[in-house]
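K.L.:
I would like to see how this sequence folds:
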Amino acid sequence: MLEINKKTRAAAQTTQAFNSMCRFGDKLLGATDSGLFSLGGYNDHGVQIPARIDSGMFDLGVHNKKRFRFFYFELNTNGSLKLRIFGDGVLAAEHAVESKNDGGIQRIRIPISSKVSAHLWSWSIENIDGSFFSLYSIKCLPLFMHQGAS
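P.N.:
Residues are numbered from 1 along each chain as shown. You can find the predicted model right below:
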């Protein structure tokens, strides 16, 4: 089942086979043939919930190959995350993020090798052991290559 928040347009997906859902007071409830379930929290009956965000491939409206010196992420987490950057579908950089004790926003700078140039770029964020995370922003400044350069 896919749920979309009308205000933020964020999507959430569950593999539970609910046949109906409703909001009762401040609780979200889901029903299956085996019973009624209260939805919420950071785990599924003690089982950690894996999560990953994959960006779409982007070319910034320019067909030329691009290089990036850095990707900057602003996020927070209560555990561990793995950030990955891809150029033309090939892993260009990977970075591990650990929770800060204060729970505040972390600004992460991921260096990209100057040897990597690509037409299409993408990124992903994956939680480790069901860690909660929030993504606030992603920034990157492209260096456009001349046509035919690699």
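
K.L.:
Distance of the residue nearest to the spatial centre of the chain relative to Phe70?
P.N.:
With distances taken as Cα atoms, centre = their mean, the residue of the chain nearest its centroid is Ile53 (2.7 Å). Noted for Ile53: a distance of 19 Å to Phe70, by Cβ to Cβ, to the nearest Å. C-beta here means a position set from N, CA and C on the backbone, and glycine is covered the same way.

K.L.:
pLDDT score assigned to Ala17?
P.N.:
The predicted local confidence for Ala17 comes out at a pLDDT of 74.

K.L.:
Now it: which helix or strand?
P.N.:
Using DSSP states H and E, Ala17 is not contained in any helix or strand.

K.L.:
Tell me if I'm right that Phe58 and Trp121 touch.
P.N.:
Yes. Under the criterion of Cβ atoms under 8 Å, Phe58 is in contact with Trp121, at a separation of 5.8 Å.
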